[in-house]
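>>> sequence unknown, structure follows:
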């Protein structure tokens, strides 16, 4: 059971780049690679261009001399058991790992016809088979007008073969462009201009092949001018498609951003008002506590002070009892202390102030309790959710987030417009 620290499933250029990247950070960890092709990793762009121009086959091989790397070629991974960290290939071998990288790339969709007569151009084996067929065949059909399709068509044409190139992306671009012109034009005659542009667009790939295959420099130059014109038309049409595709999403983001800013502004205004009431309540509460402390101190002083002064007088009054016996009745009287009387008045005045301050404090407290930020918090949360959803649905914000290494919600209008 082969065991490795790093296991890479896939034998293409990405897998090879991953091997070099791992070695930059881990010089000693064992690396294993499972690849469906029997060849080690190689550069694929020359398959459709460089090799057809005479470059040797040895020029495509990538540098694969990193130590501690085991290549399991001609195998396909059939079963991944992630919890157990195991991969089983189509030969029944089980590979265990500590870390796994899936770098399998993609496979073309198969047509329902053609069988072995159709080459799905992707690998070195496909190139070798096409090159062998080009030695005897005369007519070839290339499906797809992208970079690979155009280069393969040009390569076959340079070798004197009759090539038919079938592609759909131009028709898609033309359809989008004509649709836009139809909805925004004022008359049918206005569509003549975009129809002319469509013809230029359709001529792009054949003109590009003519630039590479024609021997006459006059024809090559004329074809090159046509290619440049077609590129301008394609760029203009793609820009229109981008405007129709991206601008509404981007506008939705800025609309939700403005709504979020407005919700935050309204909440801040409300919080400022609450802050003013809070400050007023805290001040009146402080005043009330000061008066209340003063009142308590005055009451304590009043309780500890006698109400009467020590300056008292005694009056003796003679009288006769009921049985006729003479007697004397004494009566003592004391005057109220002036300082005590003044303190009583001061306590009464302070109590009145305390009651008034308590009433004002209660009113401020009731006013403060009326300020509930819950509706504003909910409004801001809804606006944030809407804004987040809008940014996630905006392709421009996704691309800009990857480009600038930011969260999509932090992308500015200028960054998204780039």
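Arrived safely, thanks for sending. Keep in mind that what you see is a predicted model, and the values were worked out from it rather than measured.

>>> contacts, neighbours, all on C-alpha from now
OK.

>>> can you list the domains in the protein?
Using automatic domain parsing, the domain parsing of the chain gives 3-102, 117-247.

>>> quick one: which of those domains is nearest residue 383?
Closest to residue 383 of these, according to CA to CA: domain 117-247, at 20.5 Å.

>>> Quote the end-to-end distance of that closest one.
Taking CA to CA, to the nearest Å, domain 117-247 runs 44 Å from one end to the other.

>>> returning to that earlier point: which stretch among the domains of the chain comes nearest residue 109?
domain 117-247 (8.7 Å).

>>> Export the domains of the chain to TSV and append columns for mean neighbour count, mean pLDDT and distance to residue 111.
Below are the domains of the chain laid out as TSV (neighbours: other CA atoms under 10 Å; pLDDT from 0 to 100; distance: least, CA to CA, whole Å):
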stretch	mean neighbour count	mean pLDDT	distance to residue 111
domain 3-102	16	92	21
domain 117-247	16	70	8
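
>>> Residue 346: which of those is closest?
The closest of the domains of the chain to residue 346 is domain 117-247. By CA to CA, the value is 76.6 Å.

>>> could the domains of the chain go into CSV alongside distance to residue 297?
Putting the domains of the chain into CSV (distance: least, CA to CA, whole Å) gives the following:
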stretch, distance to residue 297
domain 3-102, 76
domain 117-247, 73
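
>>> confidence score at the residue sitting furthest away from the middle of the chain?
Counting by CA atoms, centre = their mean, the extreme residue of the chain relative to its mean C-alpha position is residue 324, 116.6 Å from that point. Looking at residue 324, its pLDDT stands at 70.

>>> From residue 164, how far off is residue 140?
For residue 140, the distance to residue 164 equals 6 Å [CA to CA].

>>> and residue 98, which of the three is it?
Using DSSP: H, G, I helix; E, B strand; the rest coil, the three-state assignment for residue 98 comes out as strand.

>>> wait, doesn't it sit right on residue 85?
Yes - assessed by CA atoms under 8 Å, residue 98 is found in contact with residue 85 at 6.8 Å.

>>> Which of the domains of the chain sits closest to residue 375?
Comparing the domains of the chain against residue 375 with CA to CA, the closest turns out to be domain 117-247 (32.3 Å).

>>> Show me where this protein has its helices.
Taking DSSP state H to define them, one finds helices in the chain at 13-25, 124-136, 147-158, 169-184, 192-202, 204-213, 217-303, 338-369, 374-393, 395-404, 413-417.

>>> With respect to residue 89, which of these lies nearest?
Residue 89 lies closest, by CA to CA, to one member of those: helix 13-25, at 17.1 Å.
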